[in-house]
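Enquirer: got a sequence here, can you build the structure:
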Amino acid sequence: MKIIMITLLMLATLISCSFGIDLLLGFEMKTAMRNAVSPFRVMEIPEYFAFIFLIAIYVLKKLYSLVNKRISRKISKMLE
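Expert: This is a model prediction of the structure:
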């Protein structure tokens, strides 16, 4: 429960910080709210590539782990 509350508190803090910075930069309230709620709208092309690269690394690690577990199970069954 503590982890969930800490995560939500950090999320609220970061969103409010982003919202405040947008207002200080002179954006309208509507634009600042849209930027705070939907961060993917304000990303640029290199940021999209970095985001997709990080997601791909995560997925590939999980697939590698899954394949290793299956192979180790098959080897252990063969040795029995």
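
Enquirer: show me where this structure dips below the pLDDT cut-off.
Expert: 80 (pLDDT under 70).

Enquirer: the longest helix in it is where?
Expert: helix 45-79 (DSSP state H).

Enquirer: tell me the contacts of residue 39?
Expert: residue 18 (Cβ atoms under 8 Å, 6 or more residues apart in numbering). C-beta here means a position set from N, CA and C on the backbone, and glycine is covered the same way.

Enquirer: how much space separates residue 22 from residue 73?
Expert: 51 Å (Cβ to Cβ, to the nearest Å).

Enquirer: more crowded one of those two?
Expert: residue 22 (19 against 10; other Cβ atoms under 10 Å).

Enquirer: buried residues, the strand or helix carrying the more buried one. List them.
Expert: Using DSSP states H and E, residue 22 sits in helix 2-24. Residues of helix 2-24 classed as buried: 18, 19, 22 (neighbour count, 16 or more other Cβ atoms under 10 Å).

Enquirer: much appreciated, bye for now.
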